[in-house]
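Enquirer: Need a 3D model of the sequence below.
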Amino acid sequence: MPRRGRPWTAEEKALLGTLSDKDLAAHLGRTVSSVRQHRMRAGIAMDARSYTEEELALLGTDTDPNIAKRIGKTTASVYQMRRSKFIPAFRPAPRRVLEDTVAWARERPRTSEEVAERYGAYGRKRMRAAGATFSRATGVWRLK
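Expert: Residues are numbered from 1 along each chain as shown. Below you'll find the model as predicted:
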């Protein structure tokens, strides 16, 4: 099969993986598929711009989009790197229970109806977060 296009120079081959295929193709005046094909044949990863130790240390400390903005990489790249290193996704710490919930529960044992009236559908969750337990025998919430 005859070759089409001009041959690749050593300087062009050295640039493979340093930019995205799309950016490198525009820079070299070649097609994206040509750049991708040569990069893959050379065994160079899609984003050969490796992560520094400082960037790796940031993974999992904030959301992937926030980390990506801070280090200048795509969210997908950050996600894939975090997953490849088995670093769990960032989960913000649960909100602290409002002081008024604890104070209100300390006043006296509260019935489920009082909790539902004051906090609605999230009453049970909020009371449990405050450290209260529910007694089925008496039907009231008490702080531990």
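Enquirer: For the chain, give me the ranges with low pLDDT.
Expert: Confidence mapping of the chain against pLDDT under 70 gives the ranges 1-3, 46-49, 93-98.
Enquirer: Tell me which residues touch the residue nearest the centre of it, please.
Expert: Centroid-nearest residue in the chain: Asp64, 3.3 Å away (criterion: CA atoms, centre = their mean). Asp64 makes contact with 75, 78-79, 82, 89-90, according to CB atoms under 8 Å, 6 or more residues apart in numbering. For glycine as for every other residue, the C-beta is placed from the backbone atoms N, C-alpha and C.
Enquirer: From the residues you listed, pick the one nearest Glu54.
Expert: Val78 (13.6 Å; CB to CB).
Enquirer: Isn't that closest one up against Arg70?
Expert: No: here Val78 lies out of contact with Arg70, judged by CB atoms under 8 Å, at a distance of 9.5 Å.
Enquirer: Which of the two has more residues huddled nearby?
Expert: Val78 (25 against 12; other CB atoms under 10 Å).
Enquirer: Am I right that the more buried one is in a helix?
Expert: Yes: applying DSSP: H, G, I helix; E, B strand; the rest coil, one finds Val78 inside a helix.
Enquirer: what's it in contact with, if anything?
Expert: Taking CB under 8 Å, 6+ apart, one finds 59, 64-65, 67-68, 71 in contact with Val78.
Enquirer: how close does it sit to Ile67?
Expert: For Val78, the distance to Ile67 (CB to CB, to the nearest Å) stands at 5 Å.
Enquirer: before we move on, what about Ala137?
Expert: With the distance defined as CB to CB, Ala137 ends up 50 Å from Ile67.
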